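test case, fold it:
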Amino acid sequence: MGVTLAAQLSLPGVLQDPVVRSVVIVAGTAGLTVGGKAGFKRVALRHNQNIVLLTGRVLALAERAAGRSFLGNTRDGRRIRWRARRR
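Numbering: from 1, shown residues only. So this is what the prediction gives:
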């Protein structure tokens, strides 16, 4: 998002000073981050279990697609050791 905003602000006639442009981009990104956190806090508190379950499903799909375990556990409880593959 910051890159898109920087590209739009770099157009001729719009915030030519690089310092002002940088401050505007950082302030806008920080404002959206803090505002989004505050705005979705109530949603997160109401739907906490669904969010955790969805996160688990996404991780499981990613692990299945990658053929690796990101969290280091297998379904039967064994730990997977991360080692570099030798070829």
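
in stretch 42-61, what's buried?
By neighbour count on 16 or more other CB atoms under 10 Å, the buried set for stretch 42-61 is empty. (C-beta placed from N, C-alpha, C; glycine too.)

going forward, count from 40.
In the new numbering, first residue 40, that becomes stretch 81-100.

show me what that stretch is in contact with.
Stretch 81-100 is touched from outside by 109, 110, with contacts defined as CB atoms under 8 Å, 6 or more residues apart in numbering.

show the pLDDT at residue 82.
The score at residue 82 is 91. That number is its pLDDT.

what about it, which helix or strand?
Here residue 82 sits within helix 57-85, counting by DSSP states H and E.

that helix: which residues count as buried?
For helix 57-85, burial by neighbour count (16+ other CB under 10 Å) applies to 60, 64.

after it, next one along is what?
Scanning forward in sequence from helix 57-85 by DSSP H and E, the next helix or strand is helix 87-105.

now that following helix - C-alpha only, CSV.
Provided in CSV are the C-alpha atoms of helix 87-105 (Å, rounded to 0.1, in the frame of the first residue of the first chain):
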residue,chain,number,x,y,z
ASN,A,87,-11.8,-15.3,18.3
GLN,A,88,-12.4,-19.1,18.0
ASN,A,89,-13.3,-18.8,14.3
ILE,A,90,-10.2,-16.7,13.6
VAL,A,91,-7.9,-19.3,15.3
LEU,A,92,-9.6,-22.2,13.4
LEU,A,93,-9.2,-20.3,10.1
THR,A,94,-5.6,-19.6,10.8
GLY,A,95,-5.0,-23.3,11.5
ARG,A,96,-6.7,-24.3,8.3
VAL,A,97,-4.6,-21.8,6.3
LEU,A,98,-1.4,-23.1,7.9
ALA,A,99,-2.5,-26.7,7.2
LEU,A,100,-3.1,-25.9,3.5
ALA,A,101,0.2,-24.1,3.2
GLU,A,102,2.0,-27.0,4.9
ARG,A,103,0.3,-29.5,2.6
ALA,A,104,1.2,-27.5,-0.5
ALA,A,105,4.8,-27.0,0.6
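
so where's the chain uncertain?
40-54, 111-126 (pLDDT under 70).

rerun that using 80 as the cut-off
Within the chain, the segments meeting pLDDT under 80 span 40-57, 59-60, 107-126.
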